[in-house]
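Asker: okay, sequence plus prediction incoming.
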Amino acid sequence: MASLHVLMLVAMAMCLDSVAYASQGTATFYTPPYVPSACNGFQNDGVMIAAASYAIWNNGAVCNKYYRIKCTGATNQGIPQPCKGGTVVVKIVDLCPSGCQGTIDLSKEAFSVIANPDAGKIKVEYNPYV
């Protein structure tokens, strides 16, 4: 019985640990066409994808890596509660173009999972997803 309690405490601590290391930033969205992409050319990677800003691009090291994104709030007064709750997992397939307005630029479909697209830009937490 004691070992079950210890196991539960370790599991809870691991969950808290992953939340504690979430990076914070902003997310915007882009619309099709989603190809070509900087990472995979004309390969179709579906719609749960994103473009990384230079803040996380790391010379392309994030290509084809997955990230879990969570909406944490509004960046403007227009939509005071844009978040829908939950998270979305996306694959980084592109580099956000020059002048990108977010840390991560989600496909419109991925953005719509976690937030109202009318918001345009949201605050997010993001973590690599293994």
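Answerer: Yes, it's here.

Asker: so, low pLDDT: which residues of the chain?
Answerer: Applying pLDDT under 70 to the chain flags the ranges 1-20.

Asker: in it, what residue spans correspond to strands?
Answerer: Using DSSP state E, the strands of the chain run over 23-30, 49-52, 66-74, 87-95, 104-107, 122-129.

Asker: same for the first one, what does it pack against?
Answerer: Same thing as strand 23-30. strand 66-74, strand 104-107, helix 108-114, strand 122-129 (3 or more C-beta pairs under 8 Å, 6 or more residues apart in numbering; DSSP states H and E). Every residue, glycine included, has its C-beta placed from N, CA and C.

Asker: what does the third one give?
Answerer: For strand 66-74, the packing partners by 3+ C-beta pairs under 8 Å, 6+ apart come out as strand 23-30, strand 87-95, strand 104-107, helix 108-114, strand 122-129.

Asker: kindly report the same for the second one.
Answerer: Other helices and strands packing on strand 49-52, by 3+ C-beta pairs under 8 Å, 6+ apart, are strand 87-95, strand 104-107.

Asker: can you add mean neighbour count and give those back as TSV?
Answerer: Listed next are these as TSV, based on neighbours: other C-beta atoms under 10 Å:
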stretch	mean neighbour count
strand 87-95	22
strand 104-107	26
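
Asker: how about JSON lines for these, with distance to Q24 added?
Answerer: What follows is the helices and strands packed on strand 49-52, written out as JSON lines (distance: least, C-beta to C-beta, whole Å):
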{"stretch": "strand 87-95", "distance to Q24": "14"}
{"stretch": "strand 104-107", "distance to Q24": "11"}
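
Asker: among these, which is nearest A74?
Answerer: Of all the helices and strands packed on strand 49-52, it is strand 104-107 that lies closest to A74, at 15.8 Å by C-beta to C-beta.
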